[in-house]
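# requesting a structural model of the entry that follows:
(one chain, ligands or ions: 2)
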Amino acid sequence: MEISALTRSVVKRNHAVISPDGYINSNVPGWTNCTVNVIINEQMGANLCQTLIKFKENGQLTGSTKSSQVFFYIVCGGCTATVAGETKPLEKGQFVYVPVNCEYLFNDAPGGTEILTFHKVYEPLEGYQTPSVLFGDAANVPGPSYLNDDALRLQVLLPDDLSFDMAVNIFTYDPGGHLPMVETHIMEHGLMYLQGQGVYMLDHEWYPIKKGDSIWMAPYCQQWFTAMGKEPAVYIYYKNVNRFPTIV
Ligand code: UGY
Ligand code: MN
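Numbering: from 1, shown residues only. Ligands and ions are numbered 1, 2, ... in the order given. Below is the predicted model:
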């Protein structure tokens with residue numbers, strides 16, 4: 001028998017593991033006929049926001065970005081996205097990057113469609129233009145091996161271009177594949193598992209993780225992962241990049 005007093009979720013000073021069993025929905029103005037879970041945001045101590053939206057019948061998201069850019073990724077199902085006047089159908093694995101000060105509408109989504117979002121306050125860079133709207137498809141993004149390890153593959157979804165101050169990547173680990181070292185870095189992460197399972201080490205604590213789970217890693221949260229099970233483990237993750245790293 002499951003016991004409802006237990007969860008794998010934890011929220012700590014410099015990391016969090018959020019499993020879907022503890023989701024409580026938020027009402028977001030303009031996002032209608034859908035459930036919204038704010039999985040990571042500044043209330044937690046983070047500098048990013050990550051949400052998961054699940055559509056019911058006739059769900060839609062309308063609004064406009066302000067000082068934050070938003071990356072929308074179709075986890076399952078599909079929809080029609082209209083961003084800055086450009087309309088495209090989106091299905092599983094496809095995405096759209098919505099820059100600051102930009103209107104958007106997501107509709108025509110069958111019930112059960114899930115969209116993951118990453119939000120970050122945009123930091124302009126002198127001499128570079130603010131990025132424009134970008135539609136893409138993870139299926140068309142190459143996944144070269146990571147640090148010469150064929151058990152690990154990394155897909156970089158946004159252009160490697162200084163005008164962007166956030167990266168969104170998909171990391172695939174074959175069973176038994178693992179990060180080649182414990183990472184200790186200033187960049188922050190938000191992530192969600194799209195497939196598989198494994199064990200994440202965060203700040204020297206060990207967590208079993210599986211599809212549907214999300215993780216927040218604050219700057220300098222030490223991190224390592226190994227995939228377990230019979231299928232590759234896959235997560236999509238956010239990282240802040242390309243800006244002067246300190247005010248000191
Ligand atoms: O890009 C990264 O820092 C990545 N290797 N980190 C991670 O997957 N935890
Ligand atoms: Mn990292």
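# ok, now which ones touch the residue lying closest to H204 once chain neighbours are set aside?
When the adjacent residues along the chain are set aside, H204 lies closest to Q222, with 6.5 Å between them (CB to CB, 6 or more residues apart in numbering). From N, CA and C alone the C-beta is placed, and that goes for glycine too. By CB atoms under 8 Å, 6 or more residues apart in numbering, the contact list for Q222 reads V182, E183, T184, M201, L202, D203, H204.
# residues in contact with the first one?
When you say that, I think you mean V182. Counting by CB under 8 Å, 6+ apart, V182 touches M201, Q222, Q223, W224.
# got a markdown table for the residues you listed, with pLDDT and distance to K120 too?
Putting the contacts of V182 into a markdown table (pLDDT from 0 to 100; distance: CB to CB, whole Å) gives the following:
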| residue | pLDDT | distance to K120 |
| --- | --- | --- |
| M201 | 99 | 25 |
| Q222 | 98 | 22 |
| Q223 | 99 | 19 |
| W224 | 99 | 25 |
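# in the chain, what residue is nearest ligand 1?
Here the residue of the chain nearest ligand 1 is Q223; by CB to the nearest ligand atom that distance is 4.5 Å.
# each with direction, which strands does the longest strand anywhere in the chain pair with?
In the chain, ranked by residue count with DSSP state E as the criterion, the top strand is strand 49-64. Neighbouring strands of strand 49-64 in its sheet, by DSSP bridges, are strand 31-40 (antiparallel), strand 103-107 (antiparallel), strand 114-121 (antiparallel).
# Throw the ones you listed into JSON lines and include mean neighbour count, thanks.
Listed next are the strands paired with strand 49-64 as JSON lines, based on neighbours: other CB atoms under 10 Å:
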{"stretch": "strand 31-40", "mean neighbour count": "19"}
{"stretch": "strand 103-107", "mean neighbour count": "18"}
{"stretch": "strand 114-121", "mean neighbour count": "22"}
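# now render those as TSV, adding distance to ligand 1.
Formatted as TSV, the strands paired with strand 49-64 follow (distance: least, CB to the nearest ligand atom, whole Å):
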stretch	distance to ligand 1
strand 31-40	14
strand 103-107	27
strand 114-121	14
